[in-house]
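**Student:** Coordinates only, no sequence provided:
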C-alpha cells in the first residue's frame, strides 16, 4: 500500500506561507502607521518664553502648533492676579524695553479694527484673554483659525504680550487691556 502525504506537507507549507504573509503584511502596516504618526512630528511649531516686564513676576511658556484648521496655542502663564488678562501677538519681536512697549502695537497687517478672536473685524494678533485662577495661573489650549506660522501673516518673529487687565474686545486700538506684564518673542 502506498501512502501519499504531500497533501499534509502542502497544507503545512501553505499554512506557513500564509503565516509568513500575515507577518509581512502586519510589519508593513505597522511601518506605515509609524510613518503616519511620525509625520505629525513634522508639524510647524513655534514657542514663546514669556519673561516679566520691570516690576512684575508674570512668566510662562506658550507653544504654537500648526494644525489643520489654524494654529493651536497651548501653555501656562503664572504670576497673574486672578481673572482675565489681555493676550495678544504684537508687531515687533522686541522685548528690550523694561515695559514691553518695544513690542509695538498689536500685530495688524490687514489694518483691521481691534476685536476679539470671534469678531468679524480683528487684528491678526487678537487672541482675546487668558484667565488666571485663584493661584494666579492661566492655562490655554485653544485653536485660532486666523493665526499663521508662515507667510505674510506669520506670527513667528513677533512679540507676545500678557496684559494687566482684561481685553474688553472692542475698545480701539487695544481693548483697554492695560500695562504689559510679560513679553516674549515667538520663535521657531
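**Tutor:** Yes, it's here. Everything quoted here is computed from the prediction, not taken from an experiment. Residues are numbered from 1 along each chain as shown.

**Student:** For the residue nearest the centre of the chain, which non-adjacent residue is closest in space?
**Tutor:** When Cα atoms, centre = their mean is applied to the chain, the residue found nearest the centroid is residue 64 (2.6 Å). Spatial nearest neighbour of residue 64, chain neighbours left out: residue 46 (4.3 Å); criterion: Cβ to Cβ, 6 or more residues apart in numbering. To be clear about C-beta, it is placed using only N, CA and C from the backbone, and glycine gets the same treatment.

**Student:** Please enumerate the strands of the chain.
**Tutor:** Along the chain, counting by DSSP state E, strands occupy 45-52, 59-67, 70-78, 83-90, 126-132, 138-144, 159-163, 180-185.

**Student:** Quick check: which of those strands is buried the most?
**Tutor:** Across the strands of the chain, averaging neighbours per residue (mean count of other Cβ atoms under 10 Å) puts strand 159-163 on top, at a mean of 28.

**Student:** Next, the angle strand 138-144 makes with that one.
**Tutor:** Angle, strand 159-163 to strand 138-144, by axes from the mean of the first three to the mean of the last three Cα atoms, to 10 degrees: 130 degrees.

**Student:** ok, strand 159-163: who's next to it in the sheet?
**Tutor:** strand 83-90 (antiparallel), strand 180-185 (antiparallel) (DSSP bridges).

**Student:** Show me the contact partners of it.
**Tutor:** Outside strand 159-163, the residues that touch it by Cβ atoms under 8 Å, 6 or more residues apart in numbering are 48, 50, 58, 60, 62, 77, 80, 85-95, 100, 102-104, 130, 177-186.

**Student:** swap in stretch 74-81?
**Tutor:** Against stretch 74-81 from outside (Cβ under 8 Å, 6+ apart): 48, 50, 52, 56-63, 65, 85, 130, 132, 135-141, 162, 164, 181-182.

**Student:** what's the average pLDDT for it?
**Tutor:** For stretch 74-81, mean pLDDT rounds to 98.

**Student:** Please verify my assumption that residue 132 contacts residue 87.
**Tutor:** No - Residue 132 is beyond contact range of residue 87, at 10.9 Å (criterion: Cβ atoms under 8 Å).

**Student:** before we move on, the earlier item: indicate which one of the strands paired with strand 159-163 is closest to residue 171.
**Tutor:** Between residue 171 and the strands paired with strand 159-163, the shortest separation by Cβ to Cβ is 10.6 Å, and it involves strand 83-90.

**Student:** Off-centre distance for that closest one?
**Tutor:** 16 Å (Cα atoms, centre = their mean, to the nearest Å).

**Student:** could I get the strands of the chain as CSV with distance to residue 150?
**Tutor:** CSV is the format used below for the strands of the chain (distance: least, Cβ to Cβ, whole Å):
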stretch, distance to residue 150
strand 45-52, 10
strand 59-67, 8
strand 70-78, 10
strand 83-90, 14
strand 126-132, 18
strand 138-144, 15
strand 159-163, 17
strand 180-185, 17
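
**Student:** Good, wrapping up.
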